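K.L.:
sequence and predicted model, in that order:
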Amino acid sequence: MTSEPRRPVISNGSFTLNGTRFILTQDPASRTTPDSVVFLKTAEMLALYDQLFERVAPRRIVEFGIFEGGSPLYFAATKDIDLFVGIDLRPRSEIVLGHVKSMGLSEKISLHYGVSQGDRAAVEAVLDAEFGSNPLDMVIDDASHQLALSRASFEIAFPRLRPGGVYVLEDWGWAHWAGAFQQAGGQWHDMPALTTLVFEVTMAMASNPRLISKVEIGSGSWLFITRGEDPIPLGFSLAGTIRNRGKALPEI
Ligand SMILES: C[S@@+](CC[C@H](N)C(=O)[O-])C[C@H]1O[C@@H](n2cnc3c(N)ncnc32)[C@H](O)[C@@H]1O
């Protein structure tokens, strides 16, 4: 018998799960402590994930960009999953690993620190070691939000999803957000917009819906890309998949 989800009532602010306090915040300076776990998500985004988990029923999950551990700890504690693998550039956090242990989630969570989402050899080594030939059900990219790095991890991980599996691209719309993002010298002002990847994925879907069967877009905060039913080689590239009458897509 599968266990019931153990999701607490969540509103923006904080909630307690298996005796551990989670703090929902948008402050990237916040840190997980022995007393509380920082989670950079909104209650609205978690409600959206609830719907997605119901639809996809993922058991094998990878997230690029785990920050202070909120995401692996929350999903492993509240959803019926087998393994949540986290990959992040930041250094190993003994405090986060302490929560994994104290929440009894050591069998369900495996965290790989010091690995860039764009490092093909390192990411493939992690995925091979953790999953072997078993396909993934869900991948979440909430890491750098930079075009080349995000495209790289998409090309590495998307072929490893099962047909019907979903790749989530979070916060792709930052280039269109108000405030500092629009000002010279503001965050990522001179970087190419991640929107280019959204266009590429959409064009790849139109070029071959058997590789990418659906692209769902709800706001600049999320994009769900559903894997089609055809086999996809591990060396898959978006550029090699898109048909566009020989015309290149300019970066914006
Ligand atoms: C927005 S935070 C992730 C928030 C987390 N998913 C959550 O919900 O609490 C972005 C994370 O991506 C990581 N990151 C940035 N660039 C990266 C890269 N090239 N490869 C892997 N992780 C990266 C950062 O270290 C940071 O932990």
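P.N.:
Thanks, I have it. Numbering: from 1, shown residues only.

K.L.:
now what about stretch 85-92, what contacts it?
P.N.:
Under the contact criterion C-beta atoms under 8 Å, 6 or more residues apart in numbering, stretch 85-92 has outside partners 61-67, 69, 71-72, 109-117, 123, 126-127, 130-131, 143-144. In short, each C-beta sits where N, CA and C put it, glycine included.

K.L.:
7 Å - rerun?
P.N.:
62-66, 72, 110-117, 123, 126, 130 (C-beta atoms under 7 Å, 6 or more residues apart in numbering).

K.L.:
what's the end-to-end length of it?
P.N.:
14 Å (C-alpha to C-alpha, to the nearest Å).

K.L.:
if we can go back for a sec, now, the contacts of stretch 85-92 that are in helices?
P.N.:
Counted as lying in helices by DSSP state H, out of those, are 72, 123, 126, 130.

K.L.:
which pair in the residues you listed spans the largest distance?
P.N.:
For those, the farthest-apart pair by C-beta to C-beta is 72 and 123; their separation is 16.5 Å.

K.L.:
hmm, back to that, filtering the contacts of stretch 85-92 by proximity to the ligand, which remain?
P.N.:
64, 65, 66, 116, 117 (C-beta under 6 Å from any ligand atom).

K.L.:
I'd like those written out as a markdown table, with distance to residue 167 and neighbour count added.
P.N.:
Putting those into a markdown table (distance: C-beta to C-beta, whole Å; neighbours: other C-beta atoms under 10 Å) gives the following:
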| residue | distance to residue 167 | neighbour count |
| --- | --- | --- |
| 64 | 10 | 29 |
| 65 | 13 | 22 |
| 66 | 16 | 26 |
| 116 | 18 | 17 |
| 117 | 13 | 25 |
